[in-house]
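**Student:** What follows is a predicted structure for the sequence shown.
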Amino acid sequence: MADIPRSVVVKLLVTTVSMILLPLLTFFGSQLYIQNSVVNGGLAALAANIVLISYCVMAFTEKSDEKIKEKKEQ
């Protein structure tokens, strides 16, 4: 098995759970206050996009394996 850092796996699992739960909770939670299903669906889609964008930002800002190896060698 490849040496995948634990932090990468944790981020992926948290993002996966968030991608499932956050839009569902947003959709059904907003139905308590807003009776329009189109608006509720839009809010759920917005929540899903926020999760995806945050995962992309986390992925691009984490240090690569080469940078970590260079720091260990110094």
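**Tutor:** Received it, and whenever you're ready, just let me know what you need.

**Student:** residue contacts, the residue nearest to the spatial centre of the chain?
**Tutor:** A centroid search over the chain (Cα atoms, centre = their mean) returns Thr15, at 3.4 Å, as the residue closest to the centre. For Thr15, the contacting residues are 51, 54-55, 58, by Cβ atoms under 8 Å, 6 or more residues apart in numbering. In short, each C-beta sits where N, CA and C put it, glycine included.

**Student:** Turn the buried ones among those into a named PyMOL selection, would you?
**Tutor:** Provided next is the PyMOL selection string for whichever of the contacts of Thr15 are buried by 16 or more other Cβ atoms under 10 Å:
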select buried, resi 51+55
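
**Student:** Show me which of the contacts of Thr15 is closest to Met19.
**Tutor:** Val51 (5.1 Å; Cβ to Cβ).

**Student:** So the closest one sits against Met19, correct?
**Tutor:** Yes. Taking Cβ atoms under 8 Å as the definition, Val51 is a contact partner of Met19 at 5.1 Å.
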